[in-house]
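**Q** Below are the sequence and a predicted model; questions follow.
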Amino acid sequence: MKYYSTNGKAPMADLQKAVVKGLAEDRGLYMPERINKMPKEFFDHIQEMSFRDIAYNVASAFFGEDVDLDALKELVFDTLPFECPVVKIKENIYTLELFHGPTLAFKDVGARFMARLLRYFTSGTDTNKTGKSNINVLVATSGDTGSAVANGFLGVEGIHVYVLYPKGKVSPIQECQFTTLGKNITAIEVDGVFDDCQALVKNAFMDAELNAHMKLTSANSINVARFLPQAFYYFNAYAQMKKLGLADNLVMCVPSGNFGNICAALFGHEMGLPIKRFIAANNANDIFYQYLQTGKYEPKPSKQTLANAMDVGDPSNFARIYDLYGKSHERITSVISGATYSDDQIRETLKQCYDETGYILDPHGTCGYRALQEGLKAGEIGVFCETAHPAKFKDTVEAIIQTEVPIPDRLAAFMKGEKKSVPMTKDFADFKTYLLQQ
Ligand SMILES: *Cc1c(COP(=O)(O)O)cnc(C)c1O
C-alpha cells in the first residue's frame, strides 16, 4: 500500500516511511491510497468474534500488504491485552468504554500498536553495536498523550522515548504515569508551558546536526500507525451492539480534540462498517462545529476547558477528514454532525447523568453523552465513547458530583513509583546539547 500526502506535494511513501517519518515532506498528513472494504462474511460473523480477532482482520485490511501476517497477528494481539465493553447508560444510549488500557485512556491502543510497528520496521535495519537506540521518539504532552505513549513504548527494544512536559502543569496522576517508568523512557520537565515543549520538539525535528546524530520521530496522532488502529474500537462496538440485536440504526458519537479517533471511525465506515451517522462532540473549542455550520475552517487559539484533552484550536486530523470526503462540505455534513458544550454544560450534564443513572462520566465522555441526549432521532440507538476513566480527572469530577471517585488499582500503582525527570529550560540550545550527549 502506498501513502500520499494530504498536501499533495510530497512523493508517495510506503508504510515503513510513513510510520518512521510521521509527517510528509510537504508537512501534509499521510493517507492510504486505498481503503479496502471488509467482506460480507466478516460482518455476518463479527458478533461471534473476539476483540483481538476483529482487530486482526481490520489491521490486515490496512497493513496486510506491508507486514508479514503472522507478525501482524502477534503485534495486534500484543496491543490488546484488554477489552473495551459497551455499557448501557439508559434507554437508547450506550457507552463504549475505551479506558481499560494500561493508562486508562483510549490513546493506549494507538500508542501500543505504533510502538510495535515501529519496532517491526526498525529492528535489524540499523547498526546497534554501540547499544544505542535505533530510533528516538520525542513527544510533547500536556498530560494524556505522554502517559499513553510512554507506557505504549515501555520496554520496546531499540526505541527510546523522551516525554517533554511543562513543569507544574500536569496533574500528579498524569506525571506519575511517565516519570516513574525508567527503562527506555526519559521524562523531561520543561520550565515553561505546553507550547514551549511543543516548540522544543519541532525545533529538534528541523535541526540538521541533531538529525545527523540520532534518528528522531514523533508519536502524535498525525502518525498513521497511531490513529488507524483506533478503527478497531468501532468494529468492536458494532459487534457488541449486534450481539444485543441493536445494530440497525446506530449513531456513533466521539468526543474529539485532534480528531484522530473519529477519523479512524470514519475510515471504518468507508470499509463498510454499518454505522448510520457520526457525531463529533466538542467542548468550547468549536472549530469543527463551526466548519459544519458554515463550510469555513477557521483555526483559533485553544481555550482551556474541563475536558482539557480536547482543548485544540486547529485539529490536526481535519486535513484527513476533508481529504477522505473529497473536500466536500456536503458529503462531510451528510455523515457527521457536531455539538459543542461549555464548562457549565459539562458540569450540569455530568451531575445529571450521575444523579439519574449512577454512571460516573469523565468530562470528555460527558460531551458525547449530552450530544446523544440532544441529537438522537426516533428509532436511533446511540453509542458514545468514554475516552478516559473519571479517576484521571478525580478532583474535577468529585467537585461536580460531591462523591468520591475511587482510583483503580492500575492507576494507584503508578503513584507508588519513584519520580525521575531531567530538568530542562525552554531554550532549544540546552535541549539540543542534552540530546547530543545521548
Ligand atoms: C486525546 C483525547 C481526546 C481527543 O481525541 P482525538 O483523537 O484527539 O480527537 C478525547 N478525550 C480524551 C480523554 C483524550 O485523551
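**A** Perfect, I can see it now.
**Q** Give me the neighbour count for the residue in the stretch 1-150 of the chain positioned nearest to the ligand.
**A** Residue of the stretch 1-150 of the chain nearest the ligand, by C-beta to the nearest ligand atom: residue 144 (3.8 Å). Using the backbone N, CA and C atoms, a C-beta is placed for each residue, glycine as well. Neighbour count of residue 144, defined by other C-beta atoms under 10 Å: 24.
**Q** so what's it up against?
**A** Counting by C-beta atoms under 8 Å, 6 or more residues apart in numbering, residue 144 touches 103, 105, 107, 174, 309, 388, 392.
**Q** Apply 6 Å and report the result again.
**A** 105, 309 (C-beta atoms under 6 Å, 6 or more residues apart in numbering).
**Q** got it, and residue 222?
**A** Here residue 222 is in contact with 22-23, 29, 316 (C-beta under 6 Å, 6+ apart).
**Q** How about residue 319?
**A** Taking C-beta under 6 Å, 6+ apart as the test, what residue 319 contacts is 6, 29.
**Q** now swap in residue 388 and tell me
**A** 99, 105, 362, 364.
**Q** Just confirm the last one is within a helix.
**A** It refers to residue 364. Yes. Assigned with DSSP: H, G, I helix; E, B strand; the rest coil, residue 364 falls within a helix.
**Q** So what's the residue count around it?
**A** 31.
**Q** Shouldn't residue 96 be within a strand?
**A** Yes. Counting by three-state DSSP, one finds residue 96 located in a strand.
**Q** Adding pLDDT as columns, could you present the contacts of residue 222 in JSON lines?
**A** Formatted as JSON lines, those follow (pLDDT from 0 to 100):
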{"residue": "22", "pLDDT": "88"}
{"residue": "23", "pLDDT": "86"}
{"residue": "29", "pLDDT": "94"}
{"residue": "316", "pLDDT": "89"}
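**Q** who wins for neighbours among the residues you listed?
**A** Once you tally neighbours by other C-beta under 10 Å, residue 29 ends up highest among those, having 25 neighbours.
**Q** nearest spatial neighbour of that residue, skipping sequence neighbours?
**A** Leaving aside its sequence neighbours, residue 29 sits nearest to residue 6 (C-beta to C-beta, 6 or more residues apart in numbering; 4.7 Å).
**Q** ditto for residue 86
**A** Per C-beta to C-beta, 6+ apart, closest to residue 86 is residue 240, 4.3 Å.
**Q** can you tell me the average pLDDT over the helix or strand hosting the one you found?
**A** Using DSSP states H and E, residue 240 maps to helix 231-243. Helix 231-243 shows a mean pLDDT of 98.
**Q** Would you mind identifying the next helix or strand past that helix?
**A** strand 250-255.
**Q** That next one and the ligand in contact?
**A** Yes. Against the ligand, strand 250-255 shows contacts by C-beta under 6 Å from any ligand atom at residue 255.
**Q** mind exporting that strand as CSV, just the C-alpha atoms?
**A** Coordinates of the C-alpha atoms in strand 250-255 are reproduced here as CSV (Å, rounded to 0.1, in the frame of the first residue of the first chain):
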residue,chain,number,x,y,z
LEU,A,250,-26.5,3.1,15.1
VAL,A,251,-25.3,6.6,15.8
MET,A,252,-21.7,6.8,16.9
CYS,A,253,-20.6,9.8,19.0
VAL,A,254,-16.9,10.6,19.6
PRO,A,255,-15.6,13.3,21.9
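**Q** what does the stretch 151-300 of the chain put close to the ligand?
**A** 221, 255-261.
**Q** how about 5 Å then?
**A** Within the stretch 151-300 of the chain, the residues that sit near the ligand (C-beta under 5 Å from any ligand atom) are 255-261.
**Q** List the buried residues for stretch 153-169?
**A** For stretch 153-169, a neighbour-count test (16 or more other C-beta atoms under 10 Å) marks 153-154, 156, 158-167 as buried.
**Q** now do the same end-to-end measure for it.
**A** Distance between the boundary residues of stretch 153-169 (C-alpha to C-alpha, to the nearest Å) amounts to 23 Å.
**Q** Check which helices and strands the host helix or strand of residue 371 sits against.
**A** Residue 371 is part of helix 363-375 when elements are defined by DSSP H and E. Counting by 3 or more C-beta pairs under 6 Å, 6 or more residues apart in numbering; DSSP states H and E, the packing neighbours recorded for helix 363-375 are strand 250-255, strand 277-282, helix 343-357, strand 381-386.
**Q** can it be found next to the ligand?
**A** Yes. Judged by C-beta under 5 Å from any ligand atom, helix 363-375 comes into contact with the ligand at residue 364.
**Q** give the contact list for residue 226.
**A** 110, 114.
**Q** average model confidence for the longest strand belonging to the chain?
**A** Counting residues, the longest strand in the chain under DSSP state E turns out to be strand 159-166. Taken as a whole, strand 159-166 has a mean pLDDT of 95.
**Q** what's the distance between stretch 146-159 and the middle of its chain?
**A** 15 Å (C-alpha atoms, centre = their mean, to the nearest Å).
**Q** oh sorry, the question was meant for stretch 81-89
**A** 17 Å.
**Q** do stretch 325-341 as well
**A** 20 Å.
**Q** Then stretch 43-61?
**A** Distance, centroid of stretch 43-61 to centroid of chain: 20 Å (C-alpha atoms, centre = their mean).
**Q** before we move on, back to that, any chance of TSV for the helices and strands packed on helix 363-375, columns mean neighbour count, distance to residue 437 and mean pLDDT?
**A** Formatted as TSV, the helices and strands packed on helix 363-375 follow (neighbours: other C-beta atoms under 10 Å; distance: least, C-beta to C-beta, whole Å; pLDDT from 0 to 100):
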stretch	mean neighbour count	distance to residue 437	mean pLDDT
strand 250-255	28	41	98
strand 277-282	24	42	98
helix 343-357	17	43	98
strand 381-386	25	42	98
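**Q** of these, which approaches residue 202 most closely?
**A** strand 277-282 (25.2 Å; C-beta to C-beta).
**Q** if I look at residue 423, how far off is residue 141?
**A** Separation of residue 423 from residue 141 (C-beta to C-beta, to the nearest Å): 16 Å.
**Q** Same drill for these two, tell me which one is more crowded.
**A** Applying other C-beta under 10 Å to residue 423 and residue 141 shows that residue 141 carries more neighbours, namely 24 against 10.
**Q** Which residue is the nearest non-sequential neighbour of that one?
**A** residue 165 (5.2 Å).
**Q** how about the helices in the stretch 1-150 of the chain?
**A** 15-21, 40-45, 51-63, 69-79, 107-122, 144-153 (DSSP state H, counting those that start in this stretch).
**Q** Highest mean neighbour count across those, which stretch is it?
**A** With neighbours taken as mean count of other C-beta atoms under 10 Å, the helices of the stretch 1-150 of the chain reach their highest mean count in helix 144-153, at a mean of 27.
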